[in-house]
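Undergrad: Model the following, please.
(one chain, ligands or ions: 2)
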Amino acid sequence: MDRAVEAASEFFKLPSETKQEFASDDIRRPVRYGTSSKDGTRPSRTFLKHYAHPLSEWMKYWPEKPPTYREDMGKFSAGVRRVALELMEAILEGLGLGKHYQHEEFENGLQLLQVNCYPKEPEGESAIGLAPHSDHGFLTILLASCPGLEVLDRSSDTWRVVQQPRHALHVHVGDCMEVLSNGRVKTAVHRAVLNHGEARISMASIHSFAMHEKVSVAKELVDEQDPEKYKESSFSDFLDYLMSNADKKRMSFLESLRT
Ligand SMILES: O=C(O)CCC(=O)C(=O)O
Ligand SMILES: [Fe+2]
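TA: Ligands and ions are numbered 1, 2, ... in the order given. So this is what the prediction gives:
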């Protein structure tokens, strides 16, 4: 974990021209560097996003600088993926679907690593680094170098500060989990605020089905009282939605799936 954070931190310290080689507006690129806070107001976050599973397919596109990046981020990616798959089995069991439910789809699923770098908070200002959103996959495993994550508490409609003990992984549920569970498990709305004392690195590993595999409501969780609440969709459909909706963002992708 420390080495992955270190590799990420070294990457963001590289000269702008080196990082700009990865800059693109095309969200289907295998590696993408950019600046955005998601609401478009204050571009205080820089990010590097790339796929991570299967590693043999994607690693060749990853940055070669710093020289430790591929190996250290590769180990981190493979490790958090095992954690995500095990947690997923437990959640599926908890939903009464059995831990091997859609086993192959999860095993062959996609992993997207979102590496974020936030500057330290400017004196006297409280700034949002990343605007409120939910993640698209089933589960997100997040590691951060210091506090900054906040999660929306739906019952009181207030933001809860998430603690960041050293080496603790934060796990949250994404949109696909809400769909599969027919709304029994709700996606986590979260945001990142800038840290007073120091710049912050966070790494969000997002786990989903393969690009064109559809995620749909589990039929076992549908009956007369509980009709199907969401339409099926794939990761590719989600990317198409982001592209088409880039300037408007009136509705989240999950909202667009509600039946
Ligand atoms: O930086 C954080 O704590 C959150 C990052 C995040 O939500 C994301 O990359 O989707
Ligand atoms: Fe997120």
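
Undergrad: and the residue in the stretch 151-259 of the chain that ligand 1 sits nearest to, backbone torsions?
TA: With CB to the nearest ligand atom, the shortest gap between the stretch 151-259 of the chain and ligand 1 falls at residue 202, namely 3.3 Å. Yep, even glycine has a C-beta here, placed from its N, CA and C like the rest. Per-residue torsions, residue 202: phi -130, psi 150 (degrees, to the nearest 10).

Undergrad: Also the one 10 residues further on?
TA: The phi and psi torsions at residue 212 (degrees, to the nearest 10) take the values phi -110, psi 10.

Undergrad: How confident was the prediction at it?
TA: For residue 212, the pLDDT comes out at 98.

Undergrad: what does residue 200 give?
TA: Residue 200 is given a pLDDT of 95.

Undergrad: ok, it - contacts?
TA: Taking CB atoms under 8 Å, 6 or more residues apart in numbering, we find residue 200 in contact with 116-118, 120, 129, 144-146, 148, 192, 194.

Undergrad: ok, it to residue 149 distance?
TA: Note on residue 200: its distance to residue 149, by CB to CB, to the nearest Å, is 9 Å.

Undergrad: tell me, what's touching the two both at once?
TA: Common contacts of residue 200 and residue 149 (CB under 8 Å, 6+ apart): residue 192.

Undergrad: Spell out which parts of the stretch 1-150 of the chain neighbour ligand 1.
TA: The stretch 1-150 of the chain comes close to ligand 1 at residues 114, 116, 130, 135, 142, 144, 148-149, as judged by CB under 6 Å from any ligand atom.

Undergrad: In strands, which of these fall?
TA: Cross-referencing these against strands under DSSP state E gives 114, 116, 130, 142, 144, 149.

Undergrad: Could you report the neighbour count for the third one?
TA: Counted by other CB atoms under 10 Å, the residues lying close to residue 130 total 25.

Undergrad: Ok, the fourth one next?
TA: Here the count is done by other CB under 10 Å, and residue 142 has 23 residues near it.

Undergrad: In the sheet, which residues pair with residue 192? Tell me.
TA: Legend: beta-bridge partners of residue 192 under DSSP bridges are residue 130, residue 149.
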